[in-house]
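[1] starting from these lines, generate the structure:
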Amino acid sequence: MSLFLPKLTCKKDIDEVIKGVAEKVVVLRFGRDEDSICLHIDEILSKTAHDLSNMASIYIVDVDKVPIYTRYFDISYIPSTVFFFNGQHMKVDYGSPDHTKFIGSFKTKHDFMDLIEVIYRGAMRGKMIVQSPIDTQNIPKFDLLYHGI
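    Alright, predicted model coming up:
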């Protein structure tokens, strides 16, 4: 399904999108095209891209092609989805310690659409962090591992 979504293949492309898209949420899905969970989230993203086109621009990023951003955003699990608005990294409180990205796949397209709407409305009000509207039962749980602390 990621065939229908634009792919960013280098740091320069990602930087241009983050800085260049104005008044919309930039959605970056980090993962691999051949991964089954990534294919599931790509299906949800592509089905909602048209409906959300006034609020969001959705892109696919291969973790192996842009290792600098994979390290910068600490992408240890795929898929991971990161959000921006007017060049600013948007954070979302999912009820977990990591507010910088959504890890895993969305259960339904409505979960994703609700999240984009909340991020968009919060960003338009100047907020840098918003509360997730997704039911906590629909948010994948992962243990965060910190080494050398």
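[2] elements contacting the helix or strand of the chain with the lowest mean pLDDT?
    Least confident helix or strand, the chain: strand 102-103 with a mean of 88, by mean pLDDT, DSSP states H and E. The helices and strands touching strand 102-103, judged by 3 or more Cβ pairs under 8 Å, 6 or more residues apart in numbering; DSSP states H and E, are strand 80-85. Just so you know, the C-beta spots here come from the backbone N, C-alpha and C atoms, and that holds for glycine as well.
[3] chain center to the strand it packs on, what's the gap?
    The chain centroid and the centroid of strand 80-85 are separated by 4 Å, computed with Cα atoms, centre = their mean, to the nearest Å.
[4] following that strand, which helix or strand comes up?
    The element immediately downstream of strand 80-85 (helix or strand, assigned by DSSP states H and E) is strand 88-93.
[5] neighbouring strands - and their directions - for that next one?
    In the sheet containing strand 88-93, its partner strands are strand 80-85 (antiparallel), strand 129-131 (parallel), by DSSP bridges.
[6] I'd guess residue 46 is in a helix, am I close?
    Yes. When DSSP: H, G, I helix; E, B strand; the rest coil is applied, residue 46 is found to be in a helix.
[7] around it, how many other residues sit close by?
    Applying other Cβ atoms under 10 Å, we find 17 other residues in the vicinity of residue 46.
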